[in-house]
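# when you get a sec, could you give me coordinates for this:
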Amino acid sequence: MNLFNLRHVLTTLALALSLTHAPAFAQGSDAPATAELSASPVQGVLNLNTATEEELMRLPSVGPSKAKAILELRAQLKGFKKVDDLMRVKGIGRKTFRKLMQHLKLEGATTLVEVARSSARPAAAKAAKPAK
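Residues are numbered from 1 along each chain as shown. Just a heads-up that it's a prediction; the model follows:
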């Protein structure tokens with residue numbers, strides 16, 4: 001198992017654990033960093049070495065200029081050798097990379113899709129909000 005696969009397994013496990021404890025977060029306790037991962041507006045993975053500009057723009061925090069910069073870096077490197085190379089793109093630091101890494105891979109098919117979001121808040125979150 002390579003380092004990326006291990007990181008992916010650990011991220012998936014952390015996400016699963018955070019989802020099983022979701023009611024505690026809605027009651028006002030501080031959510032760990034893994035809760036931020038579950039709030040992602042996309043599901044699936046993106047192959048950095050084959051993704052189009054449009055597919056790259058589905059990633060959170062990636063607009064047209066960052067997508068073009070990623071494509072330029074990919075061409076310069078003749079393909080990404082490791083997912084961490086993405087941090088060489090201006091505007092993608094550790095914090096942004098952490099949001100994206102669960103959706104990134106270097107081989108295989110791109111399955112990244114946007115998730116429809118409900119505008120309704122969960123009942124537990126409404127109950128936790130203090131009355132005015």
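
# just the strands in this structure please.
Assigned by DSSP state E, the strands in the chain fall at 42-43, 46-47, 104-105, 113-114.

# now tabulate the ones you listed in JSON lines and tack on mean neighbour count and mean pLDDT.
In short, each C-beta sits where N, CA and C put it, glycine included. Shown next, in JSON lines, are the strands of the chain (neighbours: other CB atoms under 10 Å; pLDDT from 0 to 100):
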{"stretch": "strand 42-43", "mean neighbour count": "14", "mean pLDDT": "84"}
{"stretch": "strand 46-47", "mean neighbour count": "19", "mean pLDDT": "92"}
{"stretch": "strand 104-105", "mean neighbour count": "20", "mean pLDDT": "93"}
{"stretch": "strand 113-114", "mean neighbour count": "10", "mean pLDDT": "84"}
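
# looking at the ones you listed, which is nearest to residue 61?
strand 42-43 (11.0 Å; CB to CB).

# about what we covered before: and the strands of the chain: which comes nearest residue 84?
Of the strands of the chain, nearest to residue 84 by CB to CB is strand 104-105, at 9.6 Å.

# and the closest one, what does it pack against?
Helices and strands touching strand 104-105, by 3 or more CB pairs under 8 Å, 6 or more residues apart in numbering; DSSP states H and E, are strand 46-47.

# neighbouring strands - and their directions - for the strand it packs on?
strand 104-105 (parallel) (DSSP bridges).

# pretty sure residue 88 is touching residue 76, no?
No. Contact criterion CB atoms under 8 Å: residue 88 and residue 76 do not qualify, at 9.1 Å.

# what's the weakest-modelled helix or strand in the chain?
helix 22-26 (a mean of 42; mean pLDDT, DSSP states H and E).

# hang on, the earlier thing: ok, residue 88 and residue 76, which is more surrounded?
Between residue 88 and residue 76, counted using other CB atoms under 10 Å, the more crowded position is residue 88 (13 against 8).

# lovely, talk soon.
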